[in-house]
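S.K.: the following comprises the amino acid sequence and a computationally predicted model.
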Amino acid sequence: MGEGNAPAALWLLLGVALIFGVAVSPTQASRTNHYDFFIKETNVTRLCHQKTVLTVNGQFPGPTIYARKGDVVVVNVYNQGDKNITIHWHGVDQPRNPWFDGPEYITQCPIQPGANFTYRIIFSEEEGTLWWHAHSDFDRATVHGAIVVHPKRSKGAYPYKKPHKEIPVILGEWWNDDVNHLLEEAKLTGGDFKPSEANTINGQPGDLFPCSQNGTFKVPVEHGKTYLLRIINAGLTNEMFFGVAGHRLTVVGTDGRYLKPFTVDSIMISPGQTMNALLVADRATDGSCNSRYYMAARTFSTNTQIPFNNSTATAVLEYTDAPPFAGPPDFPTSLPAIDDIDAATAYTAQLRSLVTAEHPVDVPARVDERMLVTIAVNVVACPPNQTCEGPNEQRLAASLNNVSFANPAVDVLDAYYRSMPGVYEPDFPNRPPTTFNFTDTDLPPEQWFTRKGTKVKVVEYGAVVEVVFQDTGILGAENHPMHLHGFSFYVVGRGFGIYDGKKDLASYNLVDPPYQNTVSVPKAGWAAIRFRAANPGVWFMHCHFDRHTVWGMDTVFIVKDGKAPEAKMMPRPPTMPKC
Ligand code: C2O
Ligand code: CU
């Protein structure tokens, strides 16, 4: 398949059909929204430090994208920065449309400085909160924003009382240094990255930090009204606990799907995940209570041996109809401690799909491809005549089934589409190459090593895939937020220790498991996901801790075309950037 006129024309026709076809059909009321994203260097000051960061349209966090279920959104990205970049639409399945998914060297070559690229984002079943972010180097630190997917206008209704207001709450991290500079340095030395200096809420550390009083994010509320918090963890390295003083949160959705509502004092959210939570402003406003309450985001660390940012970001909920109260806002008293694994486990166990006629589940009972995938932080050998700053003076790396993913020089999708040899190998293993005491944190140094490779897993169209992620203790066990592009998956099981097929299969939830795109694999434990590979294309799977991503804790699914025309990838857009 070449870049000739035929595929280009075909693609154009398809695009035209998509725009006009839906517009004239009264039964499918989808719309096309347009956005312009100008990527540029912008001056930002936090914690008394000024630096230039990459932003979209000068905003940090970037603009919110609004859509209705089933819409198509078109985003023109103009790279006015000085480095290569791509954008990913995290959690949007993009049926048959891997071309516009975004991860660099997986589905596209990056957009070069001065160039532009127009993404066509196809929404299907998603409804709730998703987000978008850069998918190149560490650009995601400041290039990210919310995606809000409202119900369809026709049968549009939330499966809960319509909130008075909706508030995006984007959790992130701030480094005083340039993050891509830190990345370059770490690539050079093979050592670890410096932890961030602060967590942030909507780009702000909050007034517990120096020079942060003025910017602190504030949410004005009125007594008796209900607010929908659309919480997104856009952080690069930290899972987080989040809570609001004096208020409980009723969690109603995650990753663009609805949940059975449950009420908690605080949530745990992993990088890549979103949580929708209702908050009722029900504190007394007669002057007997405070009128201001902190919202707080605290790091949740499952391996406190690794240096981490031990801090809490805050925003402030302010009652506009209460007399001002002397003194500081109340602080949430029940926010779990930084290493409270039990609190996180108890929270995550409560995530269950809603399951109604409007929002059914379809959990595959039968599995075609069963994979056991070990997760590890490793080392690769330090090249001769170099000094390396990883463990035992080697270079840090990371792997899935002991393959440390290496980005190819051209994207996997193009290589697959054009049948180019030598770009990737289709033999990513279904099982770890060796069996060992996976969760042992005291393994001998020989066991730390992995090998680089660009190995992908090829699956048939429509096959049901089960992946059991198994964390290992190599160089320390910890949670890993594993994210899959192109699909949401049912998280059918989670547990501690080494996965035991016979015993653990019996504990699966096949009735109302949460449908997510990012699962937090428990430290020294496992998580099982199932999905139907009915989305042809090339789809990245990786840990959403960015340093693990760049170390190689990634792989790629290639889902083959099916027989029917609706089961085939769309043709290659002629506008794809060149490497
Ligand atoms: Cu949130 Cu591969 O991405
Ligand atoms: Cu990880």
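M.R.: Nice, I can see it. Residues are numbered from 1 along each chain as shown. Ligands and ions are numbered 1, 2, ... in the order given.
S.K.: you'd agree residue 523 is up against residue 303?
M.R.: Yes - between residue 523 and residue 303 there is a contact at 6.8 Å, judged by CB atoms under 8 Å. C-betas here are computed from N, CA, C, even on glycine.
S.K.: for residue 105, grab the count of nearby residues.
M.R.: Residues near residue 105, counting by other CB atoms under 10 Å, number 24.
S.K.: got the contact list for residue 207?
M.R.: Contact analysis of residue 207 by CB atoms under 8 Å, 6 or more residues apart in numbering lists 213, 216, 314, 316.
S.K.: now do 10 Å
M.R.: 213, 214, 215, 216, 294, 314, 315, 316, 328, 329 (CB atoms under 10 Å, 6 or more residues apart in numbering).
S.K.: just say helix, strand or coil for the residue lying closest to residue 441 once chain neighbours are set aside.
M.R.: Nearest non-adjacent residue to residue 441, counting by CB to CB, 6 or more residues apart in numbering: residue 473, 3.7 Å away. Three-state call for residue 473 (DSSP: H, G, I helix; E, B strand; the rest coil): coil.
S.K.: residue of the stretch 201-350 of the chain closest to ligand 1, please.
M.R.: In the stretch 201-350 of the chain, the residue that lies nearest ligand 1 is residue 272 (5.0 Å; CB to the nearest ligand atom).
S.K.: what do you get for the chain?
M.R.: Closest point on the chain to ligand 1, by CB to the nearest ligand atom, is residue 90, at 3.7 Å.
S.K.: am I right that residue 427 is in a strand?
M.R.: No - counting by three-state DSSP, residue 427 is not part of a strand but coil.
S.K.: ok, of the contacts of residue 207, which come out buried?
M.R.: By neighbour count, with 16 or more other CB atoms under 10 Å, the contacts of residue 207 hold 215, 216, 294, 314, 315, 316, 329 as buried.
S.K.: the stretch 301-450 of the chain: strands as residue ranges?
M.R.: 312-319, 369-380, 395-400, 403-405 (DSSP state E, counting those that start in this stretch).
S.K.: which one of the ones you listed lies nearest to residue 245?
M.R.: strand 312-319 (7.9 Å; CB to CB).
S.K.: partners of that closest one, with directions?
M.R.: strand 218-221 (parallel), strand 292-300 (antiparallel) (DSSP bridges).
S.K.: name the stretch among those strands that sits most buried.
M.R.: Most buried of the strands paired with strand 312-319 by mean neighbour count (mean count of other CB atoms under 10 Å) is strand 292-300; its value is a mean of 25.
S.K.: and that one, C-alpha only, in CSV?
M.R.: C-alpha atoms of strand 292-300 as CSV (Å, rounded to 0.1, in the frame of the first residue of the first chain):
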residue,chain,number,x,y,z
ARG,A,292,-13.6,27.9,53.4
TYR,A,293,-12.4,24.3,53.0
TYR,A,294,-9.2,23.0,51.5
MET,A,295,-9.3,20.5,48.6
ALA,A,296,-6.1,18.6,49.0
ALA,A,297,-4.1,16.2,46.7
ARG,A,298,-1.4,14.2,48.5
THR,A,299,1.2,11.8,47.0
PHE,A,300,0.4,8.1,47.5
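S.K.: please state the offset of that strand from the chain centre?
M.R.: 21 Å (CA atoms, centre = their mean, to the nearest Å).
S.K.: and stretch 216-232, by the same measure?
M.R.: That offset, for stretch 216-232, works out to 23 Å (CA atoms, centre = their mean).
S.K.: stretch 43-56 too?
M.R.: That offset, for stretch 43-56, works out to 23 Å (CA atoms, centre = their mean).
S.K.: now do stretch 539-554
M.R.: The mean C-alpha position of stretch 539-554 is separated from the chain mean by 11 Å, CA atoms, centre = their mean.
S.K.: that stretch and ligand 1 in contact?
M.R.: Yes - Stretch 539-554 lies within reach of ligand 1 by CB under 6 Å from any ligand atom, at 540, 542, 544.
S.K.: mind checking the SS state of the first one?
M.R.: So the one you mean is residue 540. strand.
S.K.: quick one on the thing from earlier: out of the residues of stretch 539-554 next to ligand 1, which touch ligand 2?
M.R.: Among the residues of stretch 539-554 next to ligand 1, proximity to ligand 2 is found for none (CB under 5 Å from the ion).
S.K.: need the residues you listed in CSV with neighbour count, distance to residue 230 and pLDDT, can you?
M.R.: Formatted as CSV, these follow (neighbours: other CB atoms under 10 Å; distance: CB to CB, whole Å; pLDDT from 0 to 100):
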residue, neighbour count, distance to residue 230, pLDDT
540, 27, 24, 98
542, 27, 24, 98
544, 28, 18, 98
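S.K.: and those, which is closest to ligand 2?
M.R.: residue 544 (7.5 Å; CB to the ion).
S.K.: contacts only, for the closest one.
M.R.: 90, 133, 140, 233-237, 239, 270-273, 480-483, 517-520, 553.
S.K.: cutoff 6 Å now
M.R.: By CB atoms under 6 Å, 6 or more residues apart in numbering, the contact set of residue 544 is 271, 272, 481, 483, 518.
S.K.: if you rank those by neighbours, which is first?
M.R.: That'd be residue 272 among these, by other CB under 10 Å, with 28 neighbours.
S.K.: assign a three-state SS to that one, would you?
M.R.: coil.
S.K.: residue 329 contacts residue 318, correct?
M.R.: No - contact between residue 329 and residue 318 fails when scored by CB atoms under 6 Å: they sit 8.2 Å apart.
S.K.: so where does the residue in the stretch 101-250 of the chain that ligand 2 sits nearest to fall, helix or strand?
M.R.: Per CB to the ion, residue 237 is where the stretch 101-250 of the chain lies closest to ligand 2, at 9.3 Å. Following DSSP states H and E, one finds residue 237 outside all helices and strands.
S.K.: tell me how many other residues crowd it.
M.R.: 20.
S.K.: return the per-residue confidence for it.
M.R.: Per-residue confidence (pLDDT) for residue 237: 96.
S.K.: and the pLDDT at the nearest residue to it once chain neighbours are set aside?
M.R.: In space, and not counting its chain neighbours, residue 237 is closest to residue 545: 5.6 Å by CB to CB, 6+ apart. Reported pLDDT at residue 545 in the predicted model: 98.
S.K.: fine by me, we can end here.
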